[in-house]
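Trainee: Show me the folded form of this:
(one chain, ligands or ions: 1)
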Amino acid sequence: MLAPGSTIGILGGGQLGRMMAMSAAQLGYKVHVFAPDDHSVAAEVSAAHTRADWSDSAAMAAFADACDVITYEFENVPVAPLLALDQAKLAPGPLALEVAQDRLSEKTFVSELGGRPAPFAAVDSMADLEAAIAQFGTPAIVKTRRDGYDGKGQWRIASAADISASEVAATPMVFEGFVTFEAEFSVILVRGRDGEVRFWDSTHNTHEHGILAHSVLPAPAIVGEQVEAARALAQRIAEALGYVGVMTCEFFATADGPVFNEMAPRVHNSGHWTIEGAVTSQFENHVRAIAGLPLGDTSTMAAKIVMDNLIGPEAFDIARHLSDPRAHLHLYGKREAREGRKMGHITRVG
Ligand code: AMP
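Mentor: Predicted coordinates:
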C-alpha cells in the first residue's frame, strides 16, 4: 500500500488529472503532473508540475524519480519514452495505452477477445477504401487511427467521393461500418492490484457534434439488457491487459446486442456523475487501485442522476447554473472558453 504522503505522478494536465489530483489529496497523497501545457488545470491543484515535452527524456526520468507511482489522465501519451522508466511504477502498464492509441489495434485486440466492434478495415489508400466499401457498404465512418478524440479526425461517408485522396494519404485510417444504435453507453470498471473488479452503473450517453453532452441514469431498458455482456467483455479486456486502475469501454446498444466502440485506459467523462452519485467516485477508486488500497463501493446512491457537460462559453453563466440549488457545478479552471471545449459539468442527484 502506498504510504500517506507518497507522490502520485500523472501524465497529462487536463481536467481528468485535476479531479484525480483532488481525490489523491483527499487520501493524503501528493501529486506531480507531467504535461507539456503552459497552463495545466491539473497542475493548478497539484504539488508539482514538470512542464516539458513528452520526448524530453531527462525531464521524464527526473519526474519518474520523484514519483512513487505513475498514471495517466490522457491516453495519447507517447509510449516510447515510458518504456525507459521503471515499469513497476506505471499503473496501468503502457500496453493499455499502446492498444487504445490505435483504433485498428484496439478493434483487433477486442475482436480476439470475443468482442464485436463495427465492421472495420485498415485504410491506407483510396484502393483500400474502395475495397472496404465494396465489402461492407455505406454509410460508413472513416477515422484516423491515432489522435482522434471528441469526434475529431472523422469523416462520415456515403461514397468514396466524400473524402479526398490527400486526406486518405495524410495519415493511416480505419474504415468503420455505420452502426444503427438505439443508445450509447459506457462500462466503467476499476481493477485493483489483486485483480478485484468493480463496475459502476452504466449511464445513457448522448453526444452533440461528436462530443459527450449528457450522461443519465437510469439508462433505457435496452442498456440494462446488454450491460452484462458488455461488462464481461470489458473485464476480459482489463484482465488481458493486466490492468490496474479505472478503465472505460464505450458501446452501442443495437437490436443485435452490444457493439464495442472504443476503450479509454483512464477515468472517463461519462463517469463524472460518480463524484456525487456513487458511494466511491471513479477518481477515488482509480487512486485507491494504483495505490494498492482496498477498492471502495461503486453503488449508485439515487434512482435518477443527470450529468450535463458545459461546453464552450455557456460554462461561465454561473448564476444560471446555480439557480438550481441541487446542482453540483464543476468548472475545470480553463481560461479560454472556446466553442466545443469541455469547460465543466453539472451533476444533479435524485
Ligand atoms: P468516437 O470518437 O469514435 O467515439 O466517435 C464519436 C461519436 O460518433 C460516437 O460516440 C458515436 O455517437 C458516433 N460514432 C462513432 N463511430 C460510429 C459508428 N461506427 N457508427 C455510428 N456512429 C458512430
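
Trainee: Confirm residue 168 sits in a helix?
Mentor: Yes: counting by DSSP: H, G, I helix; E, B strand; the rest coil, residue 168 is located in a helix.

Trainee: And for the closest residue in space to it that isn't next to it in sequence, the neighbour number?
Mentor: Once flanking residues are discounted, residue 168 sits nearest to residue 126: 5.7 Å by Cβ to Cβ, 6 or more residues apart in numbering. Glycine gets a C-beta too; all of them are placed from N, C-alpha and C. Residue 126 sits with 14 neighbouring residues when counted by other Cβ atoms under 10 Å.

Trainee: and if you look at residue 213?
Mentor: In terms of burial, residue 213 registers 13 neighbours under the definition other Cβ under 10 Å.

Trainee: Can you verify my assumption that it contacts residue 308?
Mentor: Yes: between residue 213 and residue 308 a contact is recorded at 7.2 Å, counting by Cβ atoms under 8 Å.

Trainee: returning to what we had before: just list the residues touching the residue nearest to residue 168, thanks.
Mentor: Residue 126 makes contact with 160, 165, 168 under the criterion Cβ atoms under 8 Å, 6 or more residues apart in numbering.

Trainee: ranges for the helices of this structure?
Mentor: Per DSSP state H, the chain has helices spanning 15-26, 57-66, 80-83, 94-101, 103-112, 126-136, 165-170, 221-240, 274-277, 282-291, 318-321. These are given in chain order.

Trainee: Which one of those lies nearest to residue 196?
Mentor: Ranking those by distance to residue 196, with Cβ to Cβ as the measure, places helix 282-291 first at 8.9 Å.

Trainee: other SSEs contacting that closest one?
Mentor: strand 7-11, helix 15-26, strand 69-72, strand 183-191, strand 245-254, helix 274-277 (3 or more Cβ pairs under 8 Å, 6 or more residues apart in numbering; DSSP states H and E).

Trainee: For these, give me TSV that also has mean neighbour count, mean pLDDT and distance to residue 136.
Mentor: TSV is the format used below for those (neighbours: other Cβ atoms under 10 Å; pLDDT from 0 to 100; distance: least, Cβ to Cβ, whole Å):
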stretch	mean neighbour count	mean pLDDT	distance to residue 136
strand 7-11	25	98	36
helix 15-26	24	98	34
strand 69-72	25	98	33
strand 183-191	25	98	21
strand 245-254	25	98	15
helix 274-277	24	98	37
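
Trainee: From the contacts of residue 126, keep the buried residues only.
Mentor: When burial is judged by neighbour count using 16 or more other Cβ atoms under 10 Å, the buried members of the contacts of residue 126 are 160, 168.

Trainee: care to break the protein down by domain?
Mentor: For the chain, the structural domains run 7-90, 119-177, 183-349, going by automatic domain parsing.

Trainee: now the end-to-end length of the first one.
Mentor: Read it as domain 7-90. Between the opening and closing residues of domain 7-90 there is a gap of 13 Å (Cα to Cα, to the nearest Å).

Trainee: ok, now stretch 308-325?
Mentor: End-to-end distance of stretch 308-325 (Cα to Cα): 15 Å.

Trainee: ok, back up a step: report pLDDT for the residue nearest to residue 168.
Mentor: According to the per-residue confidence, residue 126 scores 95 in pLDDT.

Trainee: Strands of the stretch 251-350 of the chain, residue ranges please.
Mentor: Counting by DSSP state E, counting those that start in this stretch, the stretch 251-350 of the chain has strands at residues 257-264, 305-311, 328-331, 342-349.

Trainee: Now the lowest-mean-pLDDT helix or strand in the chain - C-alpha only, PDB.
Mentor: Least confident helix or strand of the chain, by mean pLDDT, DSSP states H and E, is helix 165-170 with a mean of 91. The C-alpha coordinates for helix 165-170 follow below in PDB (Å, rounded to 0.1, in the frame of the first residue of the first chain):
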ATOM      1  CA  ALA A 165      -7.200  11.200 -51.800                       C
ATOM      2  CA  SER A 166      -5.000  13.600 -50.000                       C
ATOM      3  CA  GLU A 167      -6.900  13.300 -46.700                       C
ATOM      4  CA  VAL A 168      -6.700   9.500 -47.000                       C
ATOM      5  CA  ALA A 169      -2.900   9.700 -47.800                       C
ATOM      6  CA  ALA A 170      -2.200  12.100 -44.900                       C
END
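
Trainee: Show me what it is in contact with.
Mentor: Helix 165-170 is contacted by residues 123-126, 129, 142, 155 when judged by Cβ under 8 Å, 6+ apart.

Trainee: Please pick the buried ones from the residues you listed.
Mentor: Of the members of those, the ones counted as buried by neighbours, 16+ other Cβ under 10 Å, are 123, 129, 142.

Trainee: Can you verify my assumption that the second one contacts residue 141?
Mentor: This means residue 129. No: taking contacts as Cβ under 8 Å, residue 129 lies outside contact range of residue 141: 11.9 Å.

Trainee: how about the residues of this structure that lie near the ligand?
Mentor: 118, 141, 148, 151, 176, 178-179, 184, 207, 210, 250, 261-262 (Cβ under 6 Å from any ligand atom).
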